[in-house]
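J.: The sequence isn't on hand, but the structure is:
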């Protein structure tokens, strides 16, 4: 019944629903915070990242320092584009080790995602002017170079730039 409810109510895949419902404590963990964020993303973080860390450290979900609310808060921060998936991994690992709240970790480590359109646009302009041959090759049809430009922006911002914003601004500027 729980599996069917997870599929119907939260649009989870059968597999994810089965994994979450298989253990009573995991189901409780999921259910206690699923309504605070996107259920699919929340389930994915539990099944992939949380289970991975629990197994690596040979502990149960009850012994974990990350409460369901902490994980849901972090997922919400990803949804709201305060942090990227890459930043979330750093936040997650720190939460797992220390039990600190996600926002506290973000503030302490200055992990806020760069979402200032003007700043990102200036960085893109700089990269495009440093790589005129690549720009010409891209415009001549070498579409795979788009990834090179995205990578260069991410490198220059230490992975802190909002990836969606980088992609849209870069497409705009390469037109």
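T.: That came through fine. These numbers were taken from a predicted model, which means no experiment stands behind them.

J.: Could you use CA atoms for every contact and neighbour count after this?
T.: Fine.

J.: which stretches of the protein form helices?
T.: Using DSSP state H, the helices of the chain run over 2-10, 14-22, 24-33, 39-44, 51-56, 68-79, 85-98, 102-108, 117-130, 132-139, 145-156, 163-174.

J.: Kindly provide the distance from the residue lying farthest from the centre of the chain to residue 175.
T.: Here the chain reaches farthest from its C-alpha mean at residue 140, the gap being 33.3 Å by Cα atoms, centre = their mean. Look at residue 140 and residue 175: by Cα to Cα, to the nearest Å, they are 11 Å apart.

J.: Same question for residue 1.
T.: As judged by Cα to Cα, residue 1 and residue 175 stand 52 Å apart.

J.: swap in residue 81?
T.: Relative to residue 175, residue 81 is positioned 26 Å away (Cα to Cα).

J.: Specify which residue of these two has the higher count of neighbours.
T.: A count of neighbours by other Cα atoms under 10 Å puts residue 81 above the other of residue 81 and residue 175, at 17 against 6.

J.: Backbone torsions only: list them for the more buried one.
T.: As for residue 81, its main-chain torsions (degrees, to the nearest 10) stand at phi 60, psi 30.

J.: pLDDT below threshold where in the protein?
T.: Within the chain, no range satisfies pLDDT under 70.

J.: And the residue nearest the centre of it?
T.: The centroid of the chain falls nearest to residue 85 when counting by Cα atoms, centre = their mean (1.9 Å).

J.: Would you agree it is in contact with residue 78?
T.: Yes - look at residue 85 against residue 78 with Cα atoms under 8 Å: they come within range, at 6.6 Å.

J.: Run the chain-centre distance for stretch 72-82.
T.: Relative to its chain's centre, stretch 72-82 lies at 8 Å (Cα atoms, centre = their mean, to the nearest Å).

J.: Show residues contacting it.
T.: For stretch 72-82, contacts defined as Cα atoms under 8 Å, 6 or more residues apart in numbering pick out 33-34, 36-38, 41-42, 83-85, 88, 91-92, 102-103, 112-113, 162.
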